[in-house]
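Engineer: This is a predicted model, with the sequence first.
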Amino acid sequence: MKLCTLYRDNGHEGVGLVTDHGVIDVAAASESSGIPAPITMLDVIQGGDLAIQQLQQIQKAATAAIDESVVRFAPVIPHPGKILCVGLNYRKHALESNMPIPSAPVYFAKFANSLAAHRESIQLPAVVEQCDYEVELVAVIGRKTRNVNPQQALASVFGYAVGNDLSARDLQFRSSQWLYGKAIDGFSPLGPYLVTADDIADPQDLPLKCWVNGELRQDSTTADMIFSVADVISDLSRIMTLEPGDVIYTGTPEGVAMGMAEKVWLRPGDEIVCEVGHLGRLQNRIV
Ligand code: ZN
């Protein structure tokens, strides 16, 4: 199932069901059909099989869908409890960054202020000179998870989305902690869709691509990940309780501006498009 979070006509966030014929506003379809439905994406995630069944009924009953070109997208998870990120998690990206292949996952955090929606413009702070893009596979946690082993870890994933871990390299490497170059307003576009895990046969076998102004910069596969999605979830769950709606950015492959001989940083006006498998294309413009 392919879902999104959208802004409804009343300005509130709602759940969208993405179909071949457009996006169904779940709340509107629920009102007109009388079929009860989850209100927010977190309700969907926490609602289990019942929520999915209600959405399936809504899809059958819906008589109207919004053309995707006019949907006002919100970040697929607008208010996550945690935004966890893994740095240097692709072999070729570690090499292009002149960093050793890590022997343990490199974690950092972002916060909800960093989230941005599909097609949202990203304001470049005046203090940033070296803005870089990072296409990433993002896993969204579906259930309370603590001390899970890698073999069971993927059962904790509700779904997957495309993320762009925008990074200000000049601020990131100002100190040993990366937060200042990572936790910037709008620097974590997420979406456009949340695709349920049952539609993803193997998260370690997905192509990732990123274009800047139409030029292909990143072109790789999640098979190059050092620590798999399952490994990362298991590892994190040994020290913290992962909650429904928590978001994990799992790292970026090679091809970032930092790794280029002539480093072409993002500038106002640049358009970035990120794509992972059939999870959708996440498009943002720097302003
Ligand atoms: Zn990243």
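Structural biologist: Thanks, I have it. Numbering: from 1, shown residues only.

Engineer: May I have the secondary structure class of S103?
Structural biologist: coil (DSSP: H, G, I helix; E, B strand; the rest coil).

Engineer: Now do the contacts for P244.
Structural biologist: Neighbour list for P244: 42, 45-46, 141-144, 158 [criterion: C-beta atoms under 8 Å, 6 or more residues apart in numbering]. Bear in mind the C-beta positions are built from the backbone N, C-alpha and C, glycine included.

Engineer: Pull out the buried positions in stretch 39-48.
Structural biologist: Neighbour-count burial for stretch 39-48 flags 39-42, 44-47 (criterion: 16 or more other C-beta atoms under 10 Å).

Engineer: And stretch 136-152, by the same measure?
Structural biologist: 136-142, 145, 148, 150.

Engineer: For that stretch, measure first residue to last.
Structural biologist: Stretch 136-152 has an end-to-end distance of 22 Å (C-alpha to C-alpha, to the nearest Å).

Engineer: Could you see whether the ion lies near it?
Structural biologist: No - Stretch 136-152 is not in contact with the ion by C-beta under 5 Å from the ion; minimum separation 5.5 Å.

Engineer: Give the rounded mean pLDDT of stretch 213-225.
Structural biologist: The pLDDT scores in stretch 213-225 average 98.

Engineer: cool, stretch 162-175 as well?
Structural biologist: 97.

Engineer: tell me the centre residue of the chain?
Structural biologist: By C-alpha atoms, centre = their mean, the chain has its centre lying nearest to G163, at 3.3 Å.

Engineer: Quick check: beta-bridge partners of the closest residue to that residue other than its chain neighbours?
Structural biologist: Ranked by C-beta to C-beta, 6 or more residues apart in numbering and with sequence neighbours excluded, the top spatial neighbour of G163 is V138, at 3.9 Å. Listed by DSSP bridges, the beta-bridge partners for V138 are A161, Y249.
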